[in-house]
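Asks: When you get a sec, could you give me coordinates for this:
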Amino acid sequence: MRFFLLSLMSVFLCFEAQARVFDMNSESFAGYFLVTGGTSGLGQGAFSGEASNVSFDNSAKYNYSGEFGFIYVQSAVALRFGLEILAPESVNTTASRGGTNLYSDTSTVLGLIPKLTVEVKLSSNNVYRSFLGFSAGYATVTMKNDYTLTAAGQSAFPGVSDNNVQAKGIGTLLSASIGIERLLNDATTFMVEAGYRELMINSLNYTSAVTTFAGSETSGSQDVDVNGQARKLNLSGPFISLGFRFYL
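Replies: Residues are numbered from 1 along each chain as shown. Purely as a prediction, here's the structure:
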């Protein structure tokens, strides 16, 4: 019995001796996820101009996103490989002309963005690190507008019925940020990051044939407003991110 207890104690002490001591300056690989929120430049860009001489009572004011991936750290520089899912707030709005409601519109935008972030270390110790971040990514953005006409709208737009408009576009994401990372427990860290995102979608194409307020459109044709101008989506804006990293 004594031998058994001594053996267990020896194994326990062995594990204790080999227990990991976290050091921010020596860790090199981690998985991560983060969530981001901030103001958006989208506004009414996803639906303005789809019909002539109408005004809307709502707009998209905020961007939200989630990101996951892994990070590889080497001395003063870290490389972060991730996929960001960007979703500006959905908008439920009413289009009116001269005080008369013509139709309601539900507008959603979703972006998928594979991205690379380079983090340049500013300062660090064994449980803390601050950094500058510079990101670039390739965004694929889909836009969907569902509109339902009122009786007044059916009279104002003969030949147009309730419809679903879907379009897709691509753009380049660029961003800069400053952040801090701090040990939370064991090998898990908590990070806070603030910065500015630049993302413009300068052209979109319909993903299916549809009849819009501007007329019939074929799949693959360019999304334009009633004046023939290409629709553009401005998804730029400042942001704050909160996240966790899990070092291996």
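
Asks: can you give me the strands for this protein?
Replies: For the chain, strands defined by DSSP state E occupy the ranges 29-43, 55-56, 60-74, 77-86, 91-97, 100-124, 128-149, 163-185, 188-201, 205-206, 210-212, 215-217, 233-234, 237-247.

Asks: Can you tell me which of those strands is most buried?
Replies: strand 233-234 (a mean of 22; mean count of other C-beta atoms under 10 Å). From N, CA and C alone the C-beta is placed, and that goes for glycine too.

Asks: That strand pairs with which strands, and in what direction?
Replies: In its sheet, strand 233-234 lies beside strand 188-201 (antiparallel), with partners assigned from DSSP bridges.

Asks: need the contact list for the residue nearest to Ala156 when sequence neighbours are not counted.
Replies: Leaving aside its sequence neighbours, Ala156 sits nearest to Leu102 (C-beta to C-beta, 6 or more residues apart in numbering; 5.5 Å). Applying C-beta atoms under 8 Å, 6 or more residues apart in numbering, we find Leu102 in contact with 51, 54, 95-96, 149-150, 152-153, 156-157.

Asks: Let's have those in TSV, adding pLDDT.
Replies: As requested, these are arranged in TSV below (pLDDT from 0 to 100):
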residue	pLDDT
Ala51	89
Val54	94
Ala95	95
Ser96	95
Leu149	93
Thr150	94
Ala152	94
Gly153	92
Ala156	90
Phe157	88
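
Asks: Just those residues: which are in helices?
Replies: Using DSSP state H, the members of the contacts of Leu102 that fall in helices are 152-153, 156.

Asks: Tell me the buried residues within the residues you listed.
Replies: Among those, those classed as buried by 16 or more other C-beta atoms under 10 Å are 153, 156.

Asks: can the ones in helices among the contacts of Leu102 go into TSV with extra columns for distance to Gly41?
Replies: Shown next, in TSV, are these (distance: C-beta to C-beta, whole Å):
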residue	distance to Gly41
Ala152	32
Gly153	29
Ala156	30
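
Asks: Closest to Asn234 out of the ones in helices among the contacts of Leu102?
Replies: Gly153 (27.4 Å; C-beta to C-beta).

Asks: Quick check: closest non-adjacent residue to the closest one.
Replies: Leaving aside its chain neighbours, Gly153 sits nearest to Leu102 (3.8 Å; criterion: C-beta to C-beta, 6+ apart).

Asks: Kindly state the pLDDT recorded for the one you found?
Replies: Looking at Leu102, its pLDDT is 95.

Asks: which residues sit in contact with Ile71?
Replies: 29-32, 78-81, 119, 245.

Asks: give me that answer again for 10 Å
Replies: 27-32, 78-82, 117, 119, 181, 191, 245, 247 (C-beta atoms under 10 Å, 6 or more residues apart in numbering).

Asks: How about Val77?
Replies: 118-121, 131.

Asks: same deal with Ala209?
Replies: 216-221.

Asks: do Ala78 as well
Replies: Per C-beta under 10 Å, 6+ apart, neighbours of Ala78: 28, 30, 71-72, 117-121, 129, 131, 133, 181.

Asks: mind running it again at 7 Å?
Replies: If you count contacts by C-beta atoms under 7 Å, 6 or more residues apart in numbering, Ala78 has them with 71-72, 119.

Asks: give me the beta-bridge partners of it?
Replies: Beta bridges link Ala78 to Val73, Glu119, judged by DSSP bridges.

Asks: how much space between it and Arg197?
Replies: The spacing between Ala78 and Arg197, counted by C-beta to C-beta, to the nearest Å, is 19 Å.

Asks: Count the neighbours of Pro158 for me.
Replies: Neighbours of Pro158 under the rule other C-beta atoms under 10 Å: 6.
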